[in-house]
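Q: Sequence unavailable; structure follows:
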């Protein structure tokens, strides 16, 4: 495992601490169906049944899914659990940063990166507008 892959796994751990990551089949299914999931990650050694369920989740809620170059044990170690075959990132900036940390995966899935970039820009714009609104409420509009 190279440094970029370690950095990507550390980012997943950070996303979990920020509560921007769902772990396991049922929480991922709920996040995908409700439209909250931005990217569904599948361990490369996950079973066929898990792949089929992940695809059905993505058909329902339309998030993209990727088979990541990590085993279930590696994902589980990064997330603080025994093993993890499925996890869903629910925040576009985290999902974009995760893909950027894996350049070989980002090159294969350029459309997904572009969509996550668009979503990230929208999130940043909303955060700036919210910050300006709070400032206007507190100090008055000038």
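A: Great, that's in hand. Remember, predicted model here, so these are calculated numbers, not experimental data.
Q: Going by C-alpha atoms from here, please, whenever you check contacts or count neighbours.
A: Fine.
Q: Three-state assignment for residue 82, please.
A: coil (DSSP: H, G, I helix; E, B strand; the rest coil).
Q: Excluding covalently adjacent residues, which one is nearest to it?
A: Closest residue in space to residue 82, ignoring its immediate chain neighbours: residue 76 at 5.2 Å, by C-alpha to C-alpha, 6 or more residues apart in numbering.
Q: which residues touch that neighbour?
A: Listed by C-alpha atoms under 8 Å, 6 or more residues apart in numbering, the contact partners of residue 76 are 82, 83, 84.
Q: try it again with 10 Å
A: 9, 13, 23, 43, 70, 82, 83, 84, 85, 86, 87 (C-alpha atoms under 10 Å, 6 or more residues apart in numbering).
Q: could you flag which of these are buried?
A: Neighbour counting with 16 or more other C-alpha atoms under 10 Å marks 9, 13, 23, 43, 70, 83, 84, 85, 86, 87 as buried within the contacts of residue 76.
Q: So the residue nearest to residue 82, which state does it fall into?
A: Following three-state DSSP, we place residue 76 in the helix state.
Q: Can you check what pLDDT the model gives it?
A: At residue 76, the pLDDT value in this model is 90.
Q: now do the one 4 residues further on
A: Residue-level confidence at residue 80 comes out at 88, pLDDT.
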